[in-house]
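Enquirer: Fold the following, please.
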Amino acid sequence: MSAPTQRPKVTEREARQVAEAAREQDWRKPSFAKELFLGRFRLDLIHPHPLPSEEDVRRGEAFLAKLRVFCETRIDGRLIEREARIPDEVVTGLKELGALGMKIDPKYGGLGLTQVYYNRALALVGSASPAIGALLSAHQSIGVPQPLKIFGTQEQRDTYLPRLATTDISAFLLTEPDVGSDPARLATTAVPDGDDSYVIDGVKLWTTNGVVADLLVVMARVPASPGHRGGITAFVVEADSPGITVEHRNAFMGLRGLENGVTRFHGVRVPAANRIGPEGAGLKIALTTLNTGRLSLPAMCVGAGKWALKIAREWAAAREQWGKPVARHEAVGTKISFIAATTFALEAVVDLSSQMADEDRNDIRIEAALAKLYGSEMGCLIADELVQIRGGRGYETADSLEARGERAVPAEQLLRDLRINRIFEGSTEIMHLLIAREAVDAHLAVAGDIIDPEKSLGDKAKAGARAGGFYARWLPKLVAGQGQVPGAYREFGALATHLRYVERTSRKLARSTFYAMSRWQGRMELKQAFLGRIVDIGAELFAMSAACVRADLLRSTDDHGKEAYALADAFCRQSRLRVEELFGRLWSNTDDLDRRVVDGVLAGRFEWLEAGVVDPSDDGPWIADAAPGPTTQPNVHRRIP
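Expert: I've put the predicted structure just below:
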């Protein structure tokens, strides 16, 4: 029998404990980014730049060639934008091409592409239609294939991976109407029914691919009971199971072809054999899946940057003002330089992180998170600058431009499509906190008990001894390093000065973090604005490192090496300005004042400022009712042949 779904009452501390239990606790492999936050510039972990095998390149390039032809001849991005739907025949063609199985092993019928070539494929198809890029990414990066690959049983892989590689689309269902980045409050339940099944009840929101999916990964809470550990648990669920209803297809400001919906489960029976991993492991499965799954978003941001650079170059050379092309006016030229340099750096970050994921020598959880954070933020800035360079034409739709006889450039669509990247698969704010937690993990491992109010005096004393030993060894190393040696990193030529800057600045970043922990101790986790700036500095340093290493690789292979050095140099100089500004804002900011203003806003002391306007929104509830029970809506789920 299914049980009624009740929203768990969770305190802030309990929510943090759930999140902490779900994260990977150990560091079994080295991490370049983790070391960077600790003030240790481990260039040896990323240089020489890792490279794919010749066979991986051959298979990857062969597929990209086929995919390019498909994108150029079978995908009409403007039609998808206009009709807010990917035509069935396009999805069918992608299935025939093998695009559903890009990351699935050939023994299951997939293509077995590396992470590097999977990401390049997403960048390519995403440039033709971001909605298609999102469909393929949601299917393979966070959908059923990846969790089964890592956590599934052999029987589950044998059963589902051949379908997922060729015919079946998958979706990932975690978010609920009142649950976003706080999964401790998850309300969807999976109640054991005998020894061989569970009964799922609840409502899931923003289910990307959910409208057309054949297979679902569903996160649901198993109640603790005799014989059942309970906790948030992952299940593979057939999308056409009795009791599943897609009640609504959501519409958004961008990605208008996205098949994203609201899915209700009412008495849905799922065999116990469909559980992925043990009970209570659902969040760990989700977070581990995202370690590499997050790389798909910045990959598509790279594709967007490449297209933006092409349009900016062609338009700014053709458009003349005051006797010369607008590109020759400094106000526009600086924007073009930013787009070019940043696109180069984003590609460097994604390719480096992806190759590291393929080699599996390093722990890339922080690198992938930084790539997602940095790619989504900088991608939006690139799109905004492109719209500005295009002026009024940048704000005008492609269809309108074509109707009056001009080239149909969808710049405004790019801006709308990219905006979601700062929100889904971890919003910028959540990514800041997630990365910050990993960045201070070494500190919490040795000194966390000192600031934990629930620890005994004995535990605190032991932690104090551990911390004393750790900091006695660590702090002196933050005083001097290779960044202060004039000839260090000379093999990088003109870029050596930037690597010396990264080394010096990583130590400065570590000292700043240590000082903040000493100052605020247990209140450090409340200093979210400060932590965000710490992470943003680390992201810039990671991007600078990746850009220099990539430029050196291109120079060694005689593949536009001179031009790559120029772009890396430009990016690093731009990045250094941003880093210095962020350091200044660590200690000189309006954070305390902002909190007081927020208190005033919430207390209603500034309501007078809202006078003089009308509110065009209606008076409906802020959050839709997600009470369990049978549906009252028609099922809008549709299968793609």
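Enquirer: All the strands of the chain, in order from the start?
Expert: Applying DSSP state E to the chain gives strands spanning 170-173, 189-192, 197-208, 215-222, 231-238, 244-249, 260-271, 275-276, 320-321, 324-325.
Enquirer: Could you identify which of those has the lowest mean pLDDT?
Expert: Note on these: strand 320-321 shows the lowest mean pLDDT, a mean of 89.
Enquirer: Pairing partners for it, with directions?
Expert: According to DSSP bridges, strand 320-321 forms sheet pairs with strand 324-325 (antiparallel).
Enquirer: what's in contact with the strand it pairs with?
Expert: Contact with strand 324-325 is made by Ala316, Ala317, Ala318, Arg319, as judged by Cβ atoms under 8 Å, 6 or more residues apart in numbering. Quick note: C-beta positions are derived from backbone N, CA and C, even for glycine.
Enquirer: who wins for most neighbours among those?
Expert: Counting neighbours by other Cβ atoms under 10 Å, Ala316 leads these with 20 neighbours.
Enquirer: Test my guess that that one contacts Val326.
Expert: Yes: counting by Cβ atoms under 8 Å, Ala316 touches Val326, with 5.1 Å between them.
Enquirer: what residues are shared contacts of these two?
Expert: Jointly contacting Ala316 and Val326 under the rule Cβ under 8 Å, 6+ apart are Val332, Ile389.
Enquirer: Same list (the strands of the chain) but as TSV, adding distance to Val387.
Expert: Below are those laid out as TSV (distance: least, Cβ to Cβ, whole Å):
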stretch	distance to Val387
strand 170-173	31
strand 189-192	46
strand 197-208	26
strand 215-222	36
strand 231-238	40
strand 244-249	28
strand 260-271	25
strand 275-276	42
strand 320-321	17
strand 324-325	19
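Enquirer: of all these, which lies closest to Met517?
Expert: With respect to Met517, and counting by Cβ to Cβ, the nearest of these is strand 231-238 at 30.3 Å.
Enquirer: Next, the angle strand 215-222 makes with the closest one.
Expert: Counting by axes from the mean of the first three to the mean of the last three Cα atoms, to 10 degrees, strand 231-238 lies at 150 degrees to strand 215-222.
Enquirer: Could you check the angle strand 231-238 makes with strand 244-249?
Expert: Orientation check (the same axes, to 10 degrees): strand 231-238 against strand 244-249 gives 90 degrees.
Enquirer: partners of strand 231-238, with directions?
Expert: Its sheet considered, strand 231-238 pairs with strand 215-222 (antiparallel), strand 275-276 (antiparallel) by DSSP bridges.
Enquirer: Run through the helices of the stretch 51-200 of the chain in chain order.
Expert: Ranges of helices in the stretch 51-200 of the chain, per DSSP state H, counting those that start in this stretch, are 54-74, 77-83, 88-97, 115-128, 130-137, 145-151, 154-166.
Enquirer: sorry, back to before: any idea which of the strands paired with strand 231-238 is most buried?
Expert: Comparing the strands paired with strand 231-238 by mean neighbour count (mean count of other Cβ atoms under 10 Å), strand 215-222 ranks first with a mean of 25.
Enquirer: Quick one: work out the angle between that one and strand 197-208.
Expert: Comparing the axes of strand 215-222 and strand 197-208 via the same axes, to 10 degrees yields an angle of 120 degrees.
Enquirer: most distant residue from the middle of this protein?
Expert: When distances are taken from the C-alpha mean of the chain, Gly323 lies farthest, 43.9 Å away, according to Cα atoms, centre = their mean.
Enquirer: picking that back up, among the strands of the chain, which is nearest Gln355?
Expert: Closest to Gln355 of these is strand 170-173 (Cβ to Cβ; 25.1 Å).
Enquirer: Off-centre distance for the closest one?
Expert: Per Cα atoms, centre = their mean, to the nearest Å, the displacement of strand 170-173 from the mean C-alpha position of its chain is 16 Å.
Enquirer: Looking at the contacts of strand 324-325, which are in helices?
Expert: Ala316, Ala317, Ala318 (DSSP state H).
Enquirer: quick one: Gly629 and His266 touch, right?
Expert: Yes: using Cβ under 8 Å, Gly629 is in contact with His266, at 6.3 Å.
Enquirer: ok, the two, which is more surrounded?
Expert: It is His266, of Gly629 and His266, that has more neighbours when counted by other Cβ under 10 Å, with 18 against 12.
Enquirer: hmm, back to that, which one of the contacts of strand 324-325 is nearest to Lys103?
Expert: Using Cβ to Cβ, Ala316 comes nearest to Lys103 of the contacts of strand 324-325, at 37.8 Å.
Enquirer: quick one: contacts for the closest one?
Expert: Going by Cβ under 8 Å, 6+ apart, Ala316 touches Pro325, Val326, Ala327, Val332, Ile336, Ile389.
Enquirer: tell me which residues in stretch 580-593 are buried?
Expert: Across stretch 580-593, burial judged by 16 or more other Cβ atoms under 10 Å covers Leu582, Phe583, Arg585, Leu586.
Enquirer: contact partners of it?
Expert: Contact partners of stretch 580-593, identified using Cβ under 8 Å, 6+ apart, comprise Lys508, Ser512, Ala516, Lys527, Ala529, Phe530, Arg533, Ile534, Asp536, Ile537, Glu540.
Enquirer: mind running it again at 6 Å?
Expert: Contact with stretch 580-593 is made by Ser512, Ala529, Arg533, Asp536, Ile537, as judged by Cβ atoms under 6 Å, 6 or more residues apart in numbering.
Enquirer: Name the member of those with the most neighbours.
Expert: Ile537 (26 neighbours).
Enquirer: confidence score at the closest residue to it other than its chain neighbours?
Expert: The shortest distance from Ile537 to any non-neighbouring residue, by Cβ to Cβ, 6 or more residues apart in numbering, is to Leu582 (5.0 Å). In the prediction, the pLDDT value recorded for Leu582 is 98.
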